[in-house]
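Q: sequence and predicted structure, then a few things I'm wondering about:
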Amino acid sequence: MNTIEFFGITTELATANEVILTMPITDKTKQPYGVVHGGINAMLAETAASIGGNAAINDAHRAAVGVDLEIHHLNAVTEGTLKAVATPIHVGHRLQTWQVNLYETTTETHVAVSIVTLTSRTI
């Protein structure tokens, strides 16, 4: 089982220009005191950026993988559904930079903002 399956992540849109993922908030995603773990926000942001980065690569022998992640946690949430919206800032031959905004969909709470840098490597 991979991360996407384990956390129940759904791909709503996946293109080289935008990626939208959703994920239910469950006990698996929370810290012991009931709020979504910051690492979950980071995982969802990097997953969204990586999906977009790989959509932008037109080479079956290369893959976009994360090399840097900066995340700012803005609001804590305890229930609902997280939505990640990733858009490219720069897509180069070797490096890509994506901005990812995370929201809770019911309340439209802006949960986190992230900048993810990816590199293209041979697989």
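A: Thanks, I have it. Given the structure is predicted, the values throughout are model-derived calculations rather than measurements.
Q: the protein: helices as residue ranges?
A: 3-7, 38-56 (DSSP state H).
Q: so of the ones you listed, which one's packed in deepest?
A: Highest mean neighbour count of the helices of the chain: helix 38-56, a mean of 22 (counted as mean count of other CB atoms under 10 Å). For every residue, glycine as well, the C-beta is placed using N, CA and C.
Q: which elements pack onto that one?
A: helix 3-7, strand 10-14, strand 19-24, strand 62-73, strand 81-91, strand 95-104, strand 109-122 (3 or more CB pairs under 8 Å, 6 or more residues apart in numbering; DSSP states H and E).
Q: okay, angle between it and strand 19-24 too, please.
A: 150 degrees (axes from the mean of the first three to the mean of the last three CA atoms, to 10 degrees).
Q: let me see the contact set for residue 8.
A: 23, 24, 26 (CB atoms under 8 Å, 6 or more residues apart in numbering).
Q: any chance of the helices of the chain in TSV, with mean pLDDT and distance to residue 116 too?
A: Shown next, in TSV, are the helices of the chain (pLDDT from 0 to 100; distance: least, CB to CB, whole Å):
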stretch	mean pLDDT	distance to residue 116
helix 3-7	97	15
helix 38-56	97	4
